[in-house]
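In: Pasting the sequence and the predicted model now:
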Amino acid sequence: MLFCPGPNGVKQKAVPDVLEVFIMPCTALKFVFVCLTVAAVSACSPEIGSTEWCEDMKTKDKGEWTLAETGDFAKHCVLP
């Protein structure tokens, strides 16, 4: 239960029980949703060095490549 100091130092409830019961599960649900979203997005990208990844990199603007992507492209796609 969350309490805040009230007048004359008397503790008062900061959040009613109903809201406290509702807020905690919502926070847990948000966390689960974020974790599932991250897993879904990361599962969609092809493995570095695969044929699909090399094709994706060829179509991607060279100015958007990171230093790591440039090295991986040279290592896996140019000099296999």
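Out: Sure thing, it's come through. Since this is a predicted model, take the numbers as computed values, not measurements. Numbers count the residues shown, from 1 in each chain.
In: so where do the strands sit in this structure?
Out: Remark: strands assigned in the chain by DSSP state E are 3-5, 11-13.
In: quick one, domains of this protein?
Out: Following automatic domain parsing, one finds the domains of the chain at 1-44, 46-80.
In: worst average pLDDT in the ones you listed?
Out: Among those, domain 1-44 has the lowest mean pLDDT, at a mean of 64.
In: any idea how far T66 lies from F73?
Out: Applying Cβ to Cβ, to the nearest Å, the value for T66 to F73 is 10 Å. Every C-beta, even on glycine, is put in place using the N, C-alpha and C of the backbone.
In: who has more neighbours, those two?
Out: Neighbour count, other Cβ atoms under 10 Å: between T66 and F73, F73 has more, with 20 against 8.
In: Let me see the contact set for the more buried one.
Out: By Cβ atoms under 8 Å, 6 or more residues apart in numbering, the contact list for F73 reads C54, M57, W65.
In: okay, stretch 48-59 in CSV with CA atoms only?
Out: Extracted in CSV, the C-alpha atoms of stretch 48-59 (Å, rounded to 0.1, in the frame of the first residue of the first chain):
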residue,chain,number,x,y,z
ILE,A,48,23.8,-12.3,-40.6
GLY,A,49,25.7,-13.8,-43.5
SER,A,50,22.8,-15.7,-44.9
THR,A,51,21.8,-15.3,-48.6
GLU,A,52,18.7,-13.3,-47.5
TRP,A,53,20.7,-11.0,-45.4
CYS,A,54,23.2,-10.3,-48.2
GLU,A,55,20.3,-9.5,-50.6
ASP,A,56,18.7,-7.2,-47.9
MET,A,57,22.0,-5.4,-47.5
LYS,A,58,22.4,-4.9,-51.2
THR,A,59,19.0,-3.2,-51.4
